[in-house]
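A.B. asks: From the sequence below, what's the structure:
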Amino acid sequence: MATEIDVDEADVLVYTQGLERANRLTTDINKSLKSIALTSSHSSRLFTPILSRNNMLSTLQRNIESTLNSVSSVKDLANDASRHEIILSKGFKEVGLKQYIQAVHKLDDMLDDIKGGKEKHANNAEFAGMLSHLTGLIRSSEVSLRKYFVALLTSIKPFDPQININKKIPFPYYVDEQLNDMVIILDYFHNASDDSAAIDKMVADERCDWILKCMAFLEPFAKQVNAVGSQSYEKGTSGLNSYAEALLGFIANEKSFVDDLYIQESDMKPKVFCNIVIPLITAYTRLVNLNLDYVRSNLANTGILIFELADSIHNVKRILRGTPLENAKQMDDCARSVHKVTQFLFKEVIQHVELRVGSMTAIPGDNGVTEATVETMSRLRKFSDYRNGCLEAMENITRESWLPLNFRGKETTLPVNSELLTPQIRLSCFFSDCIDVLIVSLERKSQKLLMPNKEPEVATPNSKKNDHKPRIGFFIIMNMTLIEQIVEKSELNQVLGSEGRSRMDKLKKRYINYMVADWRQLATNLMDSVFVDSTGKISSKDKDQIKEKFHKFNGGFEELVSKYKQYRLSDPGLKSTLKSEIVSLVMPMYDRFYRRYKDSFKNPRKHIKYTPSELTSILDQVGR
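C.D. replies: From the prediction side, this is the model:
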């Protein structure tokens, strides 16, 4: 009987057989893959050295090609560099400065190409030597240019400026060819050098040093003031005047030099000019302050030097206008110091007048001019020679700053309510005040000497305390005469102007009134009441009084004529003025009195000694 097979079992059997076949197939495939892997590994080990060698050969090929190119480039650069190096080796004196600098520019361009545009070459050994050679060549060429630039700058040797000043010849300056070469070199360093500031510093240092060496010839004299002890400083003798004049010349030269040298670099001009000139100003202001200290210590004898210092500073400041140093602090400080001393000098002048007059021990024997008057007018005359400096000092000053505190209004000749609005008017007022103080001080001192027990009452022609008015008047007029002569023959005349001369006339009139005070008193005795009654008769008592008046007049007249003859008047104008004053005082009164009473006596000549015409004749003779 046939065995029956279960369907499920049959399926399992079929699947099992299939899996066995698949396993055998997979095993066979794995074996094949391992065989292939072994074969590939073996092949890789065989081909790797071959590929490495091949890559190495490719690299060598590229290096060889690059080296050949580099050698070719170096050869080209070397050929170009050698042509420019030949030019540089000849020097700029042979090939010319422009061609020489052009060759330097070419080498500099090559160097820039190596470092910049062809940087890859700079890292190659083939270019290292070329790079070093070009750098050294450019540097040596720049050294030569700097040396030549310095040689040009110092081609003018230091000299004594005083010689040029005395001969009135200009200070030495560069010729056009030198300036052109300096401009070319300067242009190179400004446009091609890494340190353009160094060349500008070189310019300033060399020029400044050269000028200071020149000024050194003058500096010892600028430190001295030619006034020793009681000697007064004489105008124009200060060595600082020549020093300042030379400084003005050098500053003017440096203006031109900087303009010429930096013609293509206008923005550099201010800085370079300042670097050259500032040390010069420092040296100058130091000397001014040295002189200023000396003036402060001896104002009485060296005071007028302050005006020369003021003029000097003014001139230096003027030449600096339009430059960066126009408002240089050093100059402004120095000007302020001088201005301050100048203003103080005005007060010192008046103080010195009072001091000198106060030291008088007696009126000159001939009632003549005092040393105080001569000294004061000498100082004022010297002051007037510095009119511009005085006017500048008057810019910010008041009259109260120089007048003595005890100076009374009646003592001054300045009109009431005068307005001192301008420096010119204030300066005239100062000189007039000096004369006022001098004359008033002389009167006060003379009163103390002549009347030691009385308190002086000055500038008062009608004062009854003053018993010596004619003598004092004559004494003052003698001094006034000298004052007028000095004014007329000096710059004082222009400085005083019409206002000052008017004040002098007023002052002179005051003391002419002193001189004629006795004549006025003589004439006053004839001003008594009229003695003629309504009937035209004169009583005997009144007649006696009229006789007495004529007798007093006769005696007084002769005495005054005698005194007048003792006056040593050499000035015709003064004689004429005095005569006119006396005549105007005496004659109208005498003529009136004479005409009224000449017929009152039986024997007129016994009592009336002079007719009006006889008096006039006598006065005419006295006034000659």
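A.B. asks: quick one: secondary structure of Met360?
C.D. replies: Following DSSP: H, G, I helix; E, B strand; the rest coil, Met360 is assigned to coil.
A.B. asks: go on, the one 4 residues further on?
C.D. replies: Taken by three-state DSSP, the conformation at Pro364 corresponds to coil.
A.B. asks: Next up, the contacts around it.
C.D. replies: Contact analysis of Pro364 by CB atoms under 8 Å, 6 or more residues apart in numbering lists 370, 475. C-beta coordinates here come from the backbone N, C-alpha and C atoms, glycine included.
A.B. asks: going forward can the numbers begin at 12, since that is how I track them
C.D. replies: Let's use 12 as the start, then, which means that last one is Pro375.
A.B. asks: What separation is there between it and Leu453?
C.D. replies: Distance, Pro375 to Leu453, using CB to CB, to the nearest Å: 11 Å.
A.B. asks: Between those two, which contacts overlap?
C.D. replies: Common contacts of Pro375 and Leu453 (CB under 8 Å, 6+ apart): 381, 486.
A.B. asks: what's the helix or strand where Asp555 lies packed up against?
C.D. replies: Element membership for Asp555, per DSSP states H and E: helix 551-577. Judged by 3 or more CB pairs under 8 Å, 6 or more residues apart in numbering; DSSP states H and E, helix 551-577 is in contact with helix 528-535, helix 583-608, helix 615-618, helix 623-633.
A.B. asks: repeat that with 10 Å
C.D. replies: Applying 3 or more CB pairs under 10 Å, 6 or more residues apart in numbering; DSSP states H and E, one finds that helix 551-577 makes contact with helix 480-499, helix 528-535, helix 583-608, helix 615-618, helix 623-633.
A.B. asks: ok now that helix, how far from the chain's centre?
C.D. replies: Chain-centre distance of helix 551-577: 69 Å, with CA atoms, centre = their mean, to the nearest Å.
A.B. asks: and the angle from it to helix 528-535?
C.D. replies: 160 degrees (axes from the mean of the first three to the mean of the last three CA atoms, to 10 degrees).
A.B. asks: What residues sit buried inside helix 551-577?
C.D. replies: By neighbour count on 16 or more other CB atoms under 10 Å, the buried set for helix 551-577 is 553-554, 557-558, 560-561, 564, 567-568, 571-572, 575.
A.B. asks: what do you get for stretch 358-377?
C.D. replies: 358-361, 363-365, 367-368, 371, 374.
A.B. asks: Compute the inter-axis angle for the helix holding Asp555 and helix 623-633.
C.D. replies: Using the same axes, to 10 degrees: helix 551-577 against helix 623-633 is 20 degrees.
A.B. asks: tell me the angle of helix 551-577 relative to helix 480-499?
C.D. replies: Using the same axes, to 10 degrees: helix 551-577 against helix 480-499 is 40 degrees.
A.B. asks: what's the average pLDDT for helix 551-577?
C.D. replies: The pLDDT scores in helix 551-577 average 85.
A.B. asks: Tabulate the helices and strands packed on helix 551-577 (TSV), appending mean neighbour count and mean pLDDT.
C.D. replies: Listed next are those as TSV, based on neighbours: other CB atoms under 10 Å; pLDDT from 0 to 100:
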stretch	mean neighbour count	mean pLDDT
helix 480-499	21	92
helix 528-535	18	88
helix 583-608	17	87
helix 615-618	13	78
helix 623-633	14	87
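A.B. asks: Looking at those, which is nearest to Asn473?
C.D. replies: helix 528-535 (8.2 Å; CB to CB).
A.B. asks: What is the closest one packed up against?
C.D. replies: So helix 528-535, by 3+ CB pairs under 10 Å, 6+ apart, packs with helix 480-499, helix 551-577, helix 583-608.
A.B. asks: any chance of the ones you listed in TSV, with distance to Asn202 too?
C.D. replies: Conversion of the helices and strands packed on helix 528-535 to TSV gives the following (distance: least, CB to CB, whole Å):
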stretch	distance to Asn202
helix 480-499	68
helix 551-577	94
helix 583-608	80
